[in-house]
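# Here is my input, please return the structure:
(2 chains)
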Amino acid sequence: MTDLITPSAQLKRRNASESRFQWYGRGAIFVSLAFLVVMVGSIIYKGSGAFTTTDVALVIDLGPEAVDPAAPTDARVEKIVKDALKARFPEATKRAERRMLYGLISNDAGFELERFIAANPAAIGTKAKVWFRASDDFDILMKGSMDREAPESERRLSDLEISWIDSLVADNDVKRGFNWSFFTNGDSREPELAGILSALTGSALTLLVCFCFSFPVAIMAAIYLEEFAPKNRLSDIIEVNINNLAAVPSIVFGLLGLSVLLNTFGMPRSSPLVGGLVLSLMTLPTIIIAARASLRAVPPSIREAALGMGASPVQATFHHVAPLALPGILTGTIVGMAQALGETAPLLMIGMVAFIVDVPHSILEPATALPVQIFLWADAPERAFLEKTSAAIIVLLLFLITMNLLAIVLRRRFEKRF
Amino acid sequence: MTNTDTTTIDLVHSQRKKGLELFVMGLLIMCSLVAVAVTVGIVLSLLFEAYQFFERIPLTEFLFGTKWSPQTAMRADQVAAEGAFGAIPLITGTLLISFIAMCVATPLGLLSAVYLSEYASKRTRDLVKPALEILAGIPTVVYGFFAALTVAPMLRAGGESVGLSVSSESALAAGLVMGMMIIPLISSLSDDVINAVPQAMRDASLGMGATHSETIRKVVLPSAIPGIAGSLLLAASRAIGETMIVVMAAGLAANLTANPLEAVTTITAQIVALLTGDQEFDSAKTLSAFALGLVLFFTTLVLNIVALRIVRKYQEQYD
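Presented below is the predicted three-dimensional model:
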């Protein structure tokens, strides 16, 4: 007789395989989420440094032989800065040493001094302490990301440079602070000066164009397909088309933009106008699908009540059904816009991959977008750009999170359950 | 006012209203035709530019050639002035990277979907599902950056420590990261499919004494296979069309190899390489990008149509 209480060997095996199977599932979820955490974590870790920056104080001699009080704008600012560095470290006499010395502070120092003189005319004729942006390698050393113990040939800074920096630190002539210029500067060849303002503006203009085109078109297409379209071949074709369009690789939209918008219609290359149009073609299906779902969720009784009161079908739709579906449509639109904000490949095709220093002022000027800026910086050889790239990614992710949270809040607040 | 007056006013009014409504309807139809126009525009523009390319380079050379090295002639009489336009290394490179991605994403995505839909409590589900969706919301340029600057060096160092030479732009790094990107695509689609399997089938199997995992493996998954296949096809199409990860992590060396540790290039990476930077618009080099785009568009289109048809047919089966 078989014992029904004590499990047989076979049952034990089956139960073991049952729990094994569950662990596979947990493992799969764990691996996927761990990857997410590692990726985002490593980017935050790498990028957090870019939000601080290092400044160096130099005593600048603004005496009459350096700056002519009658014409302060004619001063040879670059030379004045170099003289100040030479005065600070007189031991640097060889050419190579001098070059290292000048490399301690950013190439931009001349402009900074110019701005200082313009802002403080009283300082002319005196000796003034002026703060300058430190070079990228200096900054990396200050953040502790450079190994001082490594052999000199494997370091970006020589022993001599490090000794200068240490003496500056000892004299309290080095300060670290929040890197505002990362948000107020455009792109630059110098990592310590590069900022994301031009890319952010480009992204904003591109999204604006994208929204203005895709939102009305998508809503009207959704209303037609959901409320009015007869069941015929044409409606079927449109329907299949929209579903397929949603799965076309984004780069193909870029090719379309290049060959039709740029080469046939002659629209300005690299402009947010073309970028926005291309992205709007991509986001159309997303918004249409979301809008149709929320139109479908409006109960027929609303329509019937409106029709019963003598409204025409168009009135019933525009006065009663569409307003009720609007929160859902807006949610879908925000999700679509978030997708468009992160899209890179089609923008590369239409030339938004340029080196843009100035902030674009119109949708016809050459511009770049935040994800493209990330792509460009990721390719840059300077080590300090690694940090900038990660920081730009953090900013991009923050924007995406905000947009998606907004979509969720909108859905929670305004969506009516019927 | 007499009765007839009101009727006339109503008629005029309603005629104007009708005119407006006709106009609105026309506008609505036009907007919904934009989607069709975009598809037609894509097909026509790709065909037109690709036709110009095939006037210079024969179709057979493009489809069956094994050497890819596009270049622009410096002089008219230069040897190999037009370069070589054999797309085979690009196609195999694309397939290799997509294959690696699918090998990563299929087990992880499917097991996650099964666990979430069959085992997880509602709380876990509500927490984990959106977390997985985050993976789908992260821009691909971020994955590309991570693949090129973190995963690739890690694989290289790991390979060196066991005596393997791993290229710094290996197919493996791009494929692994791409696989992670498409996990949520597979898991959410398969989740829907698994949920669509009627509860009665599970109950019957459990009632016969099968364990939960046996029910899943022998009853639920087999009946969900077509839908899962559809979701895998959609994921594959996504992997083939993915651009930024391969542009940043896979490089441009058109090697004909099946070794995942070597550098390969893909169709999308080549399109980007050919069309960014200086270009003259009538050279075979730039036009070849459109021929590649045509190949890409039709491959993904066929995959999508087949996948959508399978998924829809399957949904109807249990409705």
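
# contacts and neighbour counts: CA atoms only from here.
Noted.

# Grab the most central residue of chain B for me.
Nearest to the mean C-alpha position of chain B, by C-alpha atoms, centre = their mean, lies B:Arg238 at 1.4 Å.

# who's in contact with it?
Shown in contact with B:Arg238 (C-alpha atoms under 8 Å, 6 or more residues apart in numbering or on different chains): A:Ala247, A:Pro249, B:Ile182, B:Thr300.

# Go through the chain and flag its longest helix.
All of this refers to chain A. In chain A, with assignment by DSSP state H, the single longest helix is helix A:9-47.

# my bad, the chain I had in mind was chain B
Chain B, longest helix under DSSP H: helix B:3-56.

# what helices or strands is that helix leaning on?
Under the contact definition 3 or more C-alpha pairs under 8 Å, 6 or more residues apart in numbering or on different chains; DSSP states H and E, helix B:3-56 sits against helix A:197-223, helix A:233-245, helix A:250-256, helix A:272-296, helix B:284-318.

# repeat that for 7 Å
Helix B:3-56 is packed against helix A:197-223, helix A:233-245, helix B:284-318, with contacts defined by 3 or more C-alpha pairs under 7 Å, 6 or more residues apart in numbering or on different chains; DSSP states H and E.

# residue ranges with poor pLDDT in the chain?
If you meant another chain, say so; for now it's chain A. Counting by pLDDT under 70, chain A contains low-confidence ranges at A:1-4, A:415-418.

# please go with chain B instead
Applying pLDDT under 70 to chain B flags residues B:1-13, B:71-82, B:277-282, B:315-319.

# What segments of it are helices?
Under DSSP H, chain B gives helices at B:3-56, B:59-64, B:88-114, B:122-137, B:140-146, B:152-161, B:171-196, B:199-207, B:212-215, B:221-241, B:244-249, B:267-275, B:284-318.

# Can you give the contact residues for the fifth one?
Spelled out, that is helix B:140-146. Applying C-alpha atoms under 7 Å, 6 or more residues apart in numbering or on different chains, the contact partners of helix B:140-146 are A:Met39, A:Thr344, A:Pro371, A:Phe375, A:Ala378, A:Ile393, B:Val177, B:Met244, B:Ile245, B:Met248, B:Ala249.

# What is the burial count for the residue in the stretch 51-200 of chain A positioned nearest to chain B?
Closest residue of the stretch 51-200 of chain A to chain B, C-alpha to the nearest C-alpha: A:Ala199 (14.8 Å). By the criterion of other C-alpha atoms under 10 Å in any protein chain shown, A:Ala199 has 28 neighbours.

# Now do the same contact list for it.
Contact analysis of A:Ala199 by C-alpha under 7 Å, 6+ apart lists A:Thr368, A:Ala369, A:Leu370, A:Gln373.

# try 6 Å this time
Counting by C-alpha atoms under 6 Å, 6 or more residues apart in numbering or on different chains, A:Ala199 touches A:Thr368, A:Ala369, A:Leu370.

# How about the last one: what's its closest non-neighbour residue?
By that I understand A:Leu370. Distances taken as C-alpha to C-alpha, 6 or more residues apart in numbering or on different chains place A:Ala199 nearest to A:Leu370, at 4.8 Å, with adjacent residues excluded.

# How much space separates that neighbour from A:Arg189?
Distance, A:Ala199 to A:Arg189, using C-alpha to C-alpha, to the nearest Å: 15 Å.

# For chain A, list the residues in contact with chain B, please.
For chain A, the residues in contact with chain B (C-alpha under 6 Å from any C-alpha of the partner chain) are A:Glu18, A:Gly25, A:Ala28, A:Ile29, A:Val217, A:Met220, A:Ala221, A:Tyr224, A:Pro249, A:Leu256, A:Gly342.

# ok, and the closest non-adjacent residue to B:Ile97?
B:Gly175 (4.8 Å).

# Check A:Leu324 too.
Counting by C-alpha to C-alpha, 6+ apart, A:Val298 is the residue found nearest to A:Leu324 once chain neighbours are left out, at 7.0 Å.

# next one: A:Ile29
B:Ser112 (5.3 Å).

# Surely that neighbour touches A:Gly25?
Yes. B:Ser112 lies in contact with A:Gly25 (C-alpha atoms under 6 Å); the separation is 5.3 Å.

# okay, the two: which has more neighbours?
Set B:Ser112 next to A:Gly25 and count neighbours by other C-alpha under 10 Å: B:Ser112 wins out with 33 against 23.

# Quick one: neighbours of the closest residue to A:Glu18 other than its chain neighbours, just the number.
Distances taken as C-alpha to C-alpha, 6+ apart place B:Ser213 nearest to A:Glu18, at 5.3 Å, with adjacent residues excluded. Using other C-alpha under 10 Å, B:Ser213 is surrounded by 22 other residues.

# I'd say B:Ser213 and A:Arg20 touch.
No. In this structure, B:Ser213 is not within contact of A:Arg20 by C-alpha under 6 Å, at 9.2 Å.

# buried ones in the helix or strand containing A:Ser163?
Using DSSP states H and E, A:Ser163 sits in helix A:159-170. Buried residues in helix A:159-170, counted by 16 or more other C-alpha atoms under 10 Å in any protein chain shown: A:Glu161, A:Ile165, A:Leu168.

# other SSEs contacting that helix?
Using 3 or more C-alpha pairs under 6 Å, 6 or more residues apart in numbering or on different chains; DSSP states H and E as the contact test, no helix or strand touches helix A:159-170.
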